[in-house]
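> just a sequence and a predicted model for now, questions to come.
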Amino acid sequence: MRKTAPQRLAEREARARSELLDSLFDVWIGQASNDATLDRLGPVDPLNAAEVSRALKADIAAPFAELTRETQGRIRAALTVLALSDGQEFRAYWLDLSAPFGTTEAEADAIFPVVARTFGVRLPDTLPGG
């Protein structure tokens, strides 16, 4: 079955968001079982917002600050789109990322609001999946 133009556009936009998230989480891509990363972060309970925030600030915030303002804005825009979605796109991204913590859909759902707030994205009153 052929895809419609809107379907192809939506897929391209999702790929672009994934690439932006890759630039945000570059330091963690494929680091799920990396001993140095796990030692540096210490224990992180993905359901504990304070621990997730600490890990984000330890490894992700500094590289984010070094990105251009344009790239930061594009990442925030991508996070905003994800905040308004049903949560499935972030869940799939997070689980594919193999980050050093959070290996279930429920954990990805708990992690996303912390990610959004950390990078200045306002969340809707009710989050999908929550």
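Thanks, I have the structure now.
> run through who's touching the helix or strand of the chain with the lowest mean pLDDT.
None of the helices or strands of the chain scores lower by mean pLDDT, DSSP states H and E than helix 35-41, at a mean of 91. Residues from elsewhere that reach helix 35-41, judged by Cβ atoms under 8 Å, 6 or more residues apart in numbering: W28, Q31, A55, A58, D59, P100, F101. (C-beta placed from N, C-alpha, C; glycine too.)
> JSON lines for those residues, including pLDDT, secondary structure and distance to G73?
JSON lines is the format used below for these (pLDDT from 0 to 100; DSSP: H, G, I helix; E, B strand; the rest coil; distance: Cβ to Cβ, whole Å):
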{"residue": "W28", "pLDDT": "95", "secondary structure": "helix", "distance to G73": "22"}
{"residue": "Q31", "pLDDT": "88", "secondary structure": "coil", "distance to G73": "26"}
{"residue": "A55", "pLDDT": "97", "secondary structure": "helix", "distance to G73": "24"}
{"residue": "A58", "pLDDT": "94", "secondary structure": "helix", "distance to G73": "23"}
{"residue": "D59", "pLDDT": "95", "secondary structure": "helix", "distance to G73": "21"}
{"residue": "P100", "pLDDT": "95", "secondary structure": "coil", "distance to G73": "27"}
{"residue": "F101", "pLDDT": "95", "secondary structure": "coil", "distance to G73": "27"}
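> most surrounded residue in these?
A55 (25 neighbours; other Cβ atoms under 10 Å).
> show me the contacts for it.
A55 makes contact with L41, V44, P100, F101 under the criterion Cβ under 8 Å, 6+ apart.
> same question for P63.
Per Cβ under 8 Å, 6+ apart, neighbours of P63: D26, V27.
> so how far is A32 from it?
Here P63 is placed at a distance of 19 Å from A32 (Cβ to Cβ, to the nearest Å).
> again with R17
21 Å.
> cool, and V44?
Per Cβ to Cβ, V44 is found 12 Å from A32.
> thank you, goodbye.
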